[in-house]
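J.: fold the following for me, if possible:
(one chain, ligands or ions: 3)
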Amino acid sequence: AQPSAPDPISVPLRDLTWGQLNFLHTTDTHGWLAGHLQEPSYSADWGDYVSFATRMREKAEAQGRDLLVIDTGDRVEGNGLYDSSEPKGIYISEILRQQHIDLLSSGNHELYKKNTSEAEFLNTVPNFRSNYLASNIDIVNPKTNEVVPLAPRFTKFTTKNQGIRIVAFGFLFDFTGNYNNTIVQPVEETVKEDWFQEAIRDTDVDLFVVIGHTPLRTAEYRSIFHEIRAVHQEIPIQFFGGHLHIRDYARYDSRAYGLASGRFMETIGFMSIDGLSTGKSISTTPATPLRFNRRYIDNNLYSFLHHTGLDEESFPTEHGRNVSQLIHESRVALQLDEVHGCAPRDLWVNRARYPDEDSIYTWLETQVLPDLLKDGIRGAQPALAIVNTGAIRFDIFKGPFTQDSTFIVSPFTSGFRYVKDVPYEKAQLIIQVLNKQPQILTQSEQNALTFTLGPLEQLAYSEDVVADSALNSRVVPGQILLSTPEESRTKLIPGYITSDDEGTDGDDTIHSSISFYRVPNCIHSLISVNGSTVPETVDLVYIDFIERYMALAAKFVDLDIDFFQDSEVFMPSKSFTDVILGWIKKNWKC
Ligand SMILES: O=c1ccn([C@@H]2O[C@H](COP(=O)(O)O)[C@@H](O)[C@H]2O)c(=O)[nH]1
Ligand SMILES: [Zn+2]
Ligand SMILES: [Zn+2]
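T.: Ligands and ions are numbered 1, 2, ... in the order given. Below you'll find the predicted structure:
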């Protein structure tokens, strides 16, 4: 383990059910390859995961089974290990490649910026060779200027031990926020392409594996499922998804399931399938019935030792230890433990109600954003700042706030822009539209909003539904699963209690519950120099990531401003991350 990782805590665990074919799955790791230094439940690092995958593979091989390792993207942005180097990602790329990943795909975060997708094309894809799949992403090759697939569209291979013939695809959801050096084809169009239709017509296939940075319960995955089922009613399909940062398991039919494995290296998803036909079987009818099993493994050594049946001496591989050492050296080189201030209390993204003094958003609204506005204000002009809640990625824990915490909380490079002299009433309406609460509108206007503002709906999709699905499918509020008398005598630690299509027994660790609360799409702060709470006009300041949504909302409330032409930079060269860090350095002394 990395030297500073906290010890995992001993808790009751559910075992894994192994099958002919077994999978380990990560998604939305967002640079957290050092694990969680402040949360013992998720304290294993990428080196421990390398050891875990190796030991699990050895275990599988000893029984003639197969194990495949999957990652479904958003590997970048969200942790000092990725975001604090210049250029970003130079340390993490070497660490990531140390895991043997059999199938991987791109997330939306790999495509927001030109540099990021080019690094993906020039480094990550070659590092993982034909295992990287990009069924619906093209990129402008930076060397030739030609538009080419980011990676192979699909692959076919046969597993080593069982001889299972697999055709695999790698999709990204219908993402539209990418920089213009990449092209994301909507999934519903890709599945009509000749190459896809040919690939699914292969008859020497025992299993289709669809990996993707795509939520499981979406039109995108439904369309892939329907296309395959239109050709093969019997061949099993295994989906792996991500993007919503939740644990989830979906049943498409009795022979098709999907697994999503959380976020930020909190979860290693485990999946097994039994009863598959194989290229080696004489009859195409397998001896055992088809069975799928899922488990969400908490990313810590206690779980890893339990599931491998090893101890602290026998578990780590030399390779795994070296990777942990590499992570430690990278963190030292990046000075990630440098302390910038000390947080007086915990501030939560979703674990506190909003507004509330424990909410990170209330802190931003009442403390940080007003100071930003005061510093940048134009004379005595009142100003209103709007920030999307998705710009904040993680909680702040009481105690030292480090270089690492800075990027864990706010990894993005967005700064602020503003338009002058906006009628205050219109600015307020914009906030309501962004938060999908346009009380001023009639029902038919609200319906029109839903149908016309596609991209705005996507903003809502990313922020609102994430929180919503966290409530609906990640946590059963108030429910503590104590299934046996032994377990009920054990003191449980708080964590995920996942409710999915198979029930509430998917988590390996039996947790006590945590409540998650919904937050709005956007928060805002007003400062009015003469103290008036209802100014006539305001300078409307907004984080630049939401510019296109601001423009759409403005149109909707009949505000005649061209945000792309009429806006100016607010506080030049200050990103939101700089603003937060500057405030903490000034106000949170240790
Ligand atoms: O520059 C950026 C990029 C992204 N965001 C926020 O992140 C989500 C998407 O994150 P996932 O990990 O893919 O869920 C996006 O909807 C924005 O809320 C940002 O604020 N700035
Ligand atoms: Zn993500
Ligand atoms: Zn994503």
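
J.: who touches Pro370 in this structure?
T.: Listed by C-beta atoms under 8 Å, 6 or more residues apart in numbering, the contact set of Pro370 reads Ser525, Ile527. Placement of C-beta: from N, CA and C, glycine included.

J.: in the helix or strand containing it, what counts as buried?
T.: Following DSSP states H and E, one finds Pro370 within helix 369-376. By neighbour count with 16 or more other C-beta atoms under 10 Å, helix 369-376 contains the buried residues Leu369, Pro370, Asp371, Leu372, Leu373, Gly376.

J.: now what about stretch 572-590, what contacts it?
T.: Residues from elsewhere that reach stretch 572-590, judged by C-beta under 8 Å, 6+ apart: 339-344, 364, 367-368, 371-372, 387, 391, 400-401, 406-407, 409-416, 543, 571.

J.: hmm, I typed the wrong one, I wanted stretch 159-168.
T.: Outside stretch 159-168, the residues touching it (C-beta under 8 Å, 6+ apart) are 20-21, 60-61, 64-66, 68, 103, 133, 154-158, 199-200, 202, 204-211, 276, 278-280.

J.: quick one: average confidence on whatever helix or strand Gln432 lives in?
T.: Taking DSSP H and E as the definition, Gln432 sits inside helix 424-434. Helix 424-434 shows a mean pLDDT of 94.

J.: do stretch 345-352 as well
T.: Averaging pLDDT along stretch 345-352 yields 96.

J.: starting at the chain centroid, how far to it?
T.: 19 Å (C-alpha atoms, centre = their mean, to the nearest Å).

J.: okay, buried residues for it please.
T.: In stretch 345-352, counting by 16+ other C-beta under 10 Å, buried: Leu347, Trp348, Val349, Asn350, Arg351, Ala352.

J.: kindly reformat these as a markdown table containing secondary structure and distance to ligand 1.
T.: A markdown table is the format used below for the buried residues of stretch 345-352 (DSSP: H, G, I helix; E, B strand; the rest coil; distance: C-beta to the nearest ligand atom, whole Å):
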| residue | secondary structure | distance to ligand 1 |
| --- | --- | --- |
| Leu347 | strand | 18 |
| Trp348 | strand | 17 |
| Val349 | coil | 12 |
| Asn350 | coil | 13 |
| Arg351 | coil | 18 |
| Ala352 | coil | 19 |
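
J.: what is the neighbour count of the nearest residue to Ala553 once chain neighbours are set aside?
T.: Once flanking residues are discounted, Ala553 sits nearest to Val433: 4.1 Å by C-beta to C-beta, 6 or more residues apart in numbering. Neighbour count of Val433, defined by other C-beta atoms under 10 Å: 26.

J.: cool, Ile408 as well?
T.: Ile408 has 28 nearby residues by other C-beta under 10 Å.

J.: now swap in Asp566 and tell me
T.: When neighbours are counted by other C-beta under 10 Å, Asp566 registers 12.

J.: might you report the residue contacts of it?
T.: Contacts of Asp566 (C-beta under 8 Å, 6+ apart): Val419.

J.: can you give me phi and psi for it?
T.: Per-residue torsions, Asp566: phi -90, psi 0 (degrees, to the nearest 10).

J.: stretch 19-33 close to ligand 3?
T.: No. Applying C-beta under 5 Å from the ion, one finds stretch 19-33 out of contact with ligand 3, separated by at least 6.2 Å.

J.: roughly how far does the residue of the chain found nearest ligand 3 sit from Gly212?
T.: Taking C-beta to the ion, ligand 3 has its nearest neighbour within the chain at His243, 3.9 Å off. Using C-beta to C-beta, to the nearest Å, His243 is found at 9 Å from Gly212.

J.: who's more crowded, these two?
T.: Neighbour totals were compared for His243 and Gly212, and Gly212 leads with 31 against 27 (other C-beta under 10 Å).

J.: how many residues are close by Gln367?
T.: Applying other C-beta under 10 Å, we find 12 other residues in the vicinity of Gln367.

J.: now do the closest residue to it other than its chain neighbours, the pLDDT please.
T.: What sits nearest to Gln367 in space, not counting adjacent residues and going by C-beta to C-beta, 6+ apart, is Trp583, at 6.9 Å. If you check Trp583, the pLDDT there is 98.
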